[in-house]
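*Asks:* sequence first, predicted model second:
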Amino acid sequence: MALRHGDGLEKWEIAVTKKLVGEFRRRSRSLAREEFDDLVQDCLAHWIVVRLKLVPKPDAPPVGYMAQVIRNKLTDLIREQAAEKRAGDLGALSLDATVDGSEDGATLAELLGESDALYPGDAGGANRHHVRIDVGRALTRLTPAQRRLCLMLGEEGLSIKEAAERLRIPRGTLYEEIKRIRKVFADHGLGDYLKE
């Protein structure tokens, strides 16, 4: 449901919110990735809750107070996204966790493949075993979004264009993300296994 003038909101409330959301989106990369209208809706919904606690003064609308409430909400959103990013960067990855986050998706243990297990007398087995360990370590250094991108480009077989369309990001941004992923794998000694 869209919040708009006539649904209990005044025009000045909508104008103040749109102005502040526009300013914050220009200054913050994390908010720039969010849809403008979604941010406006979130801020207006928050404002409605706060406004219910105010004593109404029809001759003096609380424009300055509302602006501060909206600024605080947008700042909180930026902090939340930064915290989520840090948690993704530092979070350990379980071998039993699904790679794409779904309940029935492939687990890291399955992707490492039981068929390549270390068998006595298998000359290449030790090397495959160490590569699996290195891949597992590299995957734990990727963010959830980067692991999802690896899954899309690898297992799902999507092209760069298809992945960019599904993720709703420009191809240039996707190429930059792939460079970061390649660097993580190269830092773990897996550069020789990457396709050019």
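*Replies:* That came through fine. This one's a predicted model, so the numbers in the text were calculated from it and none came from an experiment.
*Asks:* tell me which element the residue nearest to the spatial centre of the chain is part of?
*Replies:* Using CA atoms, centre = their mean, the residue of the chain that lies closest to the mean C-alpha position is Ala145, 5.8 Å off. Element membership of Ala145 [criterion: DSSP states H and E] is helix 144-153.
*Asks:* which elements pack onto that helix?
*Replies:* Counting contacts by 3 or more CB pairs under 8 Å, 6 or more residues apart in numbering; DSSP states H and E, helix 144-153 packs against helix 160-167, helix 171-187. Backbone N, C-alpha and C define where each C-beta goes, glycine included.
*Asks:* do you know how far the nearest residue to Leu20 once chain neighbours are set aside is from Ala82?
*Replies:* Excluding the flanking residues, the one nearest Leu20 by CB to CB, 6 or more residues apart in numbering is Ile70, at 4.7 Å. Separation of Ile70 from Ala82 (CB to CB, to the nearest Å): 19 Å.
*Asks:* looking at these two, which is more packed in?
*Replies:* In this comparison of Ile70 against Ala82, neighbours counted by other CB atoms under 10 Å, the higher total goes to Ile70 at 26 against 12.
*Asks:* for that one, helix, strand, or coil?
*Replies:* helix (DSSP: H, G, I helix; E, B strand; the rest coil).
*Asks:* surely it is in contact with Lys19?
*Replies:* No - under the criterion of CB atoms under 8 Å, Ile70 makes no contact with Lys19, lying 9.1 Å away.
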